[in-house]
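Asks: A predicted structure for the sequence below; I have some questions about it.
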Amino acid sequence: MQIGIIGAGRIGATIARLLARAGHHVNLSNSRGPDSLVCLVQELGSSARAVPVSIAAECSDVTFLAVPWTNLQTLSDRFLFADVILVDTTNPYSHEFEVLDLGECTSSEIVARHFPSARVVKAFNTLYWETLATRGTRHLAHRLIVPLAGNDVVAKATVSELISDCGFAPLDIGTLREGGTLQQPGKLLFNRPLTVSEAKKLLESA
Ligand SMILES: NC(=O)c1ccc[n+]([C@@H]2O[C@H](COP(=O)([O-])OP(=O)(O)OC[C@H]3O[C@@H](n4cnc5c(N)ncnc54)[C@H](OP(=O)(O)O)[C@@H]3O)[C@@H](O)[C@H]2O)c1
């Protein structure tokens, strides 16, 4: 697949490495522009290129949003993500790294409102980047879950394939509201490296 990455920092670069290794084409972007991504592109090889944000979104089947929450509003083009599957990896932290109170909404519902044409799936936000970088495995029984939530079933199936390609076990936990809540900082599935059976037990007991 053609993968777009918006925000090539710790989490964006980690996802880019995992997906390039799995054979996908990765279109990387950040706020400073393609020239600042030369080293990362060289590291990833011929399946990667650096592009402006708009290209990363336009030419990709699936685009990852991996910018700090406080920068969401700087991505102002509301039609940028028309019909693209947008994987929201963000967590709603303030500049001071405090969890923001979003009221009844989950952060991904706010992302979906910001990009109304995108098919938003919440995923890859619960594990620390080093866990993602190092704990992927081919051994199915040992895989850690990457929970995902969304309102578009087909989009979730596509993102589940990508999670598997990275060596993790996709666990669909529902809609952006219900599932997304469990994925938020401080909630049940946040920052918990769990196998599928451990996660299912935890969800049953909750
Ligand atoms: N770090 C983790 O372990 C982790 C785990 C799960 C989820 N997350 C979430 O992932 C998101 C990114 O975190 P991070 O730790 O990867 O942050 P980071 O290392 O600071 O990287 C942020 C990236 O976003 C880019 N960026 C900022 N504003 C942008 C814009 N308007 N357009 C395009 N690119 C922009 C930055 O580009 P420049 O450098 O060019 O400014 C940088 O490449 C956050 O929402 C965080 O909560 C992080």
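Replies: Thanks, I have it. Numbers count the residues shown, from 1 in each chain.
Asks: Find the closest residue to the ligand in this protein.
Replies: G9 (1.8 Å; C-beta to the nearest ligand atom). The C-beta positions use only the backbone N, C-alpha and C, and glycine is treated the same way.
Asks: Which residues of the chain lie near the ligand?
Replies: Neighbours of the ligand within the chain, by C-beta under 6 Å from any ligand atom: 6-12, 29-32, 36, 53, 66-69, 71, 74-75, 89-91, 93, 125, 128-129.
Asks: Please narrow the residues you listed to those residing in helices.
Replies: R10, I11, G12, V53, W129 (DSSP state H).
Asks: packing partners for the helix or strand containing V38?
Replies: Using DSSP states H and E, V38 falls within helix 38-44. When contacts are defined as 3 or more C-beta pairs under 8 Å, 6 or more residues apart in numbering; DSSP states H and E, helix 38-44 packs onto helix 10-21, strand 25-29, strand 48-50.
Asks: Need the ones you listed in TSV (columns: mean pLDDT).
Replies: Supplementary listing: these in TSV, determined by pLDDT from 0 to 100:
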stretch	mean pLDDT
helix 10-21	98
strand 25-29	98
strand 48-50	98
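Asks: Tell me the buried residues in the helix holding V38?
Replies: By 16 or more other C-beta atoms under 10 Å, the buried positions in helix 38-44 come out as L40, V41, L44.
Asks: next one: stretch 140-155
Replies: Neighbour-count burial for stretch 140-155 flags R143, L144, I145, V146, P147, L148, A149, G150, N151, D152, A155 (criterion: 16+ other C-beta under 10 Å).
Asks: just the residues you listed now: which is nearest S108?
Replies: Ranked by distance to S108 (C-beta to C-beta), the buried residues of stretch 140-155 are led by A149 at 6.9 Å.
Asks: From the rest of the structure, what touches whichever strand or helix holds the closest one?
Replies: Per DSSP H and E: A149 is located in strand 145-150. Contact with strand 145-150 is made by 108, 119-124, 126-127, 156, 159-160, 163, 166, 168-176, 178-180, 182-183, 189, 194-196, 199, as judged by C-beta atoms under 8 Å, 6 or more residues apart in numbering.
Asks: thinking W69 is in contact with L102, fair?
Replies: No: W69 lies out of contact with L102 (C-beta atoms under 8 Å); the separation is 9.8 Å.
Asks: and for these two, which residues touch both?
Replies: P92.
Asks: Which residue would you name as the spatial centre of the chain?
Replies: Taking C-alpha atoms, centre = their mean as the criterion, T89 is the residue nearest the geometric centre of the chain, at 3.4 Å.
Asks: Correct me if wrong: that residue contacts A66.
Replies: Yes: assessed by C-beta under 8 Å, T89 is found in contact with A66 at 4.8 Å.
Asks: Give me the packing partners of the helix or strand bottoming out on mean pLDDT in the chain, helices and strands only.
Replies: Within the chain, no helix or strand scores below helix 53-58, which has a mean of 89 by mean pLDDT, DSSP states H and E. The helices and strands touching helix 53-58, judged by 3+ C-beta pairs under 8 Å, 6+ apart, are strand 2-6, strand 25-29.
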